[in-house]
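Sharing a model prediction with you, sequence too.
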Amino acid sequence: MSNLIRGLRGLALTGLAGSFAAHAATPDTVENAYWNLPKGVTDISHEVFNLHMAAFWVCVAIAVVVFGVMFYSVFAHRRSKNPVPATFHHSTTVEIIWTIVPFLILIGLAVPAAGTLIKQYDTRNADMTVKITGYQWKWQYEYVGENVSFFSTLDEKSNEARQLGSGIDPKTVPNYLRNVDNYLVVPVGKKVRFLLTANDVIHGWWVPDLAIKKDAIPGFINEMWTKINEPGVYRGGCTVLCGRDHGFMPIVIEAKSETDYAAWLAAKKGGDAAAPAAEPAAAPTPAAALPAKLEVAAAATTATDAVVDAKPVQLAAADTAAAPAPAAAAAPATKEELIARGEKVYKVNCMACHQATGAGLAPTFPSLIGSAVVAGPIDAQIKQVLNGKNAMPPFARLKDADIAAVVTYTRNSFGNKVGDAASAEQVAKLR
Ligand code: HEC
Ligand SMILES: [Cu+2]
């Protein structure tokens, strides 16, 4: 019996594949999945849940009555018992009853549902506003008036595992395809208004635990809001199907206490240069310190590397800023650091087209192994990454240091041994 149930449940879940309802709130594996809608963590989501349950029980009651009468009639008035059928037809009383009763049921369901709907649409008196923009294939979050804005992209581990022939078992990846590098962070108990739009194609923003879901449409701004009651991490995703990677742009929203949120916001403002590394996902090193150090590192590498023209300006920058480590001694390690960081940037931004091995995907996406562009002048390659070319999108939105890192990575990986390195300053000049 339990096997049967598990089988049916598996079947139901397969049918629901892609439906986040099956992966609600805390359960993060299929085994822990709920059968039902999640109750969620907002007053609105509780109302939605209760409406759903009310409608469900009304349906159950109707089913019991209708099927009860049907089965009883089939049984009690079967032909062997009553060979001669009755000849009555038409009853005005019955017709009036079966019109009025469903009408009352519908009214009974519609009135509370309309009340909730009106509350859902009331975005007035919000405590703060976040603008959400959908991109292929990521989300951007802008804290309006706070000067904080960042992209939120599928986390690196999921992205690696999802590649064709990655050899990584998705079951070993925590929150596979449901995790991002940068969480959308909001305070609990505050009414947060979201302005929703898209930059390229239509996307859809859905977090079941908040019971909010709306389309993000280029040229339009949709509004929605939430007020989360309990601190926690809630997951959702883009709901649009018509495009390659909508299924790979999850949403993770973290509700923090007011003080924790204030601290997070302050840190984000201080060092937004910050961290492609996921700040929520246990990054033990102070993330904000990283980019500054790397830019210095990049400058130092350039300065000491004969291949690239060593500008006195860059040397000076390295000298004054690189207090902790003498530039010369740090150079070989920093180049490795640059390549290591470049690998991360590559996995998030480039791997989908050029593949993990750099071999590309014929015929559209060229191989970077032995590529003439990669082996050619470094400035030209930086420009191509900044501006894009034909089917390659521009990456100007990445930070100088990240572009320097990824360019350095491609020139010194996949068997490429160009040997030189780019610097953040160099990238800044070519913008
Ligand atoms: C959406 C797919 C896509 C992504 C993502 C992408 N590229 Fe490309 N890339 C292309 C295409 C297509 C070309 C060929 C452009 C052309 O010459 O028409 C190309 C060309 C290149 C070339 C030149 C190769 C050659 O020999 O012509 C380099 C170098 C390169 N990309 C690096 C990168 C880097 C670094 C990233 C990540 C920051 C990246 N690409 C992300 C599609 C992509
Ligand atoms: Cu999408």
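Sure, I can see it. Ligands and ions are numbered 1, 2, ... in the order given.

how about the helices of this structure, start to end?
2-15, 43-76, 92-121, 156-162, 258-270, 289-304, 312-321, 327-349, 351-354, 372-375, 378-387, 400-411, 424-430 (DSSP state H).

Could you pull out the buried residues of the fourth one?
So the one you mean is helix 156-162. Judged by neighbour count using 16 or more other Cβ atoms under 10 Å, the buried positions of helix 156-162 are 156-162. The C-beta positions use only the backbone N, C-alpha and C, and glycine is treated the same way.

care to break this structure down by domain?
The chain breaks down into these domains under automatic domain parsing: 2-32, 43-121, 128-270, 289-430.

Up against ligand 2, what does this structure have?
Contact residues, the chain versus ligand 2 (Cβ under 5 Å from the ion): 203, 238, 240, 246.

could I get the helices of the chain as a markdown table with distance to Asn36 and mean pLDDT?
As requested, the helices of the chain are exported to a markdown table (distance: least, Cβ to Cβ, whole Å; pLDDT from 0 to 100):
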| stretch | distance to Asn36 | mean pLDDT |
| --- | --- | --- |
| helix 2-15 | 11 | 45 |
| helix 43-76 | 8 | 95 |
| helix 92-121 | 18 | 95 |
| helix 156-162 | 26 | 91 |
| helix 258-270 | 30 | 93 |
| helix 289-304 | 43 | 37 |
| helix 312-321 | 56 | 36 |
| helix 327-349 | 35 | 74 |
| helix 351-354 | 35 | 87 |
| helix 372-375 | 53 | 93 |
| helix 378-387 | 47 | 94 |
| helix 400-411 | 43 | 93 |
| helix 424-430 | 51 | 92 |
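
how about the ones you listed in JSON lines, adding distance to Pro170?
Shown next, in JSON lines, are the helices of the chain (distance: least, Cβ to Cβ, whole Å):
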{"stretch": "helix 2-15", "distance to Pro170": "15"}
{"stretch": "helix 43-76", "distance to Pro170": "28"}
{"stretch": "helix 92-121", "distance to Pro170": "34"}
{"stretch": "helix 156-162", "distance to Pro170": "5"}
{"stretch": "helix 258-270", "distance to Pro170": "30"}
{"stretch": "helix 289-304", "distance to Pro170": "29"}
{"stretch": "helix 312-321", "distance to Pro170": "42"}
{"stretch": "helix 327-349", "distance to Pro170": "16"}
{"stretch": "helix 351-354", "distance to Pro170": "16"}
{"stretch": "helix 372-375", "distance to Pro170": "31"}
{"stretch": "helix 378-387", "distance to Pro170": "30"}
{"stretch": "helix 400-411", "distance to Pro170": "25"}
{"stretch": "helix 424-430", "distance to Pro170": "35"}
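
Deepest in the core, which of these is it.
Burial of the helices of the chain is given as mean neighbour count (mean count of other Cβ atoms under 10 Å); helix 400-411 ranks first at a mean of 27.

tilt between that helix and helix 378-387?
120 degrees (axes from the mean of the first three to the mean of the last three Cα atoms, to 10 degrees).

Report all helices and strands that helix 400-411 contacts.
Using 3 or more Cβ pairs under 8 Å, 6 or more residues apart in numbering; DSSP states H and E, the elements in contact with helix 400-411 are helix 289-304, helix 327-349, helix 372-375, helix 378-387, helix 424-430.

Wait, Ser149 touches Ile132, no?
No: the pair Ser149 / Ile132 is not scored as a contact, 10.9 Å apart, by Cβ atoms under 8 Å.

who's more crowded, those two?
Taking neighbours as other Cβ atoms under 10 Å, Ser149 and Ile132 compare with Ile132 leading, 23 against 15.

sorry, back to before: what is in contact with Ser149 and Ile132 at once?
140-142 (Cβ atoms under 8 Å, 6 or more residues apart in numbering).

Give the buried subset of the residues you listed as a ChimeraX selection command.
Applying 16+ other Cβ under 10 Å to those, the buried members can be selected in ChimeraX as follows:
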select :140,141,142
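
Output the shared contacts of Ser149 and Ile132 in CSV, with pLDDT and distance to ligand 1 appended to each entry.
Formatted as CSV, these follow (pLDDT from 0 to 100; distance: Cβ to the nearest ligand atom, whole Å):
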residue, pLDDT, distance to ligand 1
Gln140, 96, 17
Tyr141, 97, 21
Glu142, 96, 22
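
and the shared contacts of Ser149 and Ile132 as JSON lines, adding distance to Gly40?
Shown next, in JSON lines, are the shared contacts of Ser149 and Ile132 (distance: Cβ to Cβ, whole Å):
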{"residue": "Gln140", "distance to Gly40": "25"}
{"residue": "Tyr141", "distance to Gly40": "21"}
{"residue": "Glu142", "distance to Gly40": "25"}
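
picking up where we left off before, what's the closest of the residues of the chain next to ligand 2 to Arg178?
Using Cβ to Cβ, Cys238 comes nearest to Arg178 of the residues of the chain next to ligand 2, at 11.8 Å.

ok, that closest one - contacts?
134, 137, 139, 203-206, 246-247, 249-251.

distance from the centroid: which residue in this structure tops it?
In the chain, counting by Cα atoms, centre = their mean, Val84 sits farthest out from the average C-alpha position, at 66.4 Å.
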